[in-house]
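Asks: any chance you can model this:
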Amino acid sequence: MRENNLKTATVSRKNTLSNQLVQRILRIVPYQEGFRFARGFGDYTGEVATSLEDFAEMLKTVDPKSIDFHMERHDFEKWVHVIFGDEDLAQRINRRAVFQGENLRSELRMAVIDRLDELRKMLKTA
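Replies: Next up is the predicted model:
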């Protein structure tokens, strides 16, 4: 009987942790932690994403040079991993490095949008 209680407690803790992580990933971060788009070193576009939703929206119109610059440096995946703790999305972004130009823009947006949809569904079922 005690073993079942331990299993139940472990499952509950995992669900709570998972729910907390989902909320962390979906949150809006302070401006200072936002993603600042740049076309190169010191050449900022003035656009700052403070959530993954903002990020996906800004990918629609940001200068393609900015996307290339950040992909080469792995800035997108680092931001997603460090600020939001979403290793899964960071890996998905990394896998998009094989694309170029508008295909890269589209693939990045879809990766983020698909992940946001998955996370929102997880919250609904939790």
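Asks: Gly42 versus the one residue sitting closest to the centre of the chain, what's the distance?
Replies: Per CA atoms, centre = their mean, the C-alpha nearest to the average position across the chain is that of Val80, at 4.3 Å. Separation of Val80 from Gly42 (CB to CB, to the nearest Å): 23 Å. The C-beta positions use only the backbone N, C-alpha and C, and glycine is treated the same way.
Asks: other SSEs contacting the helix or strand containing Ser106?
Replies: In this assignment (DSSP states H and E), Ser106 forms part of helix 101-125. Here helix 101-125 touches helix 2-26, helix 52-59, helix 64-73, helix 87-95, going by 3 or more CB pairs under 8 Å, 6 or more residues apart in numbering; DSSP states H and E.
Asks: ok, the residue lying closest to Ala56 once chain neighbours are set aside - contacts?
Replies: Excluding the flanking residues, the one nearest Ala56 by CB to CB, 6 or more residues apart in numbering is Val112, at 4.2 Å. For Val112, the contacting residues are Leu52, Phe55, Ala56, Leu59, Leu89, Ile93, by CB atoms under 8 Å, 6 or more residues apart in numbering.
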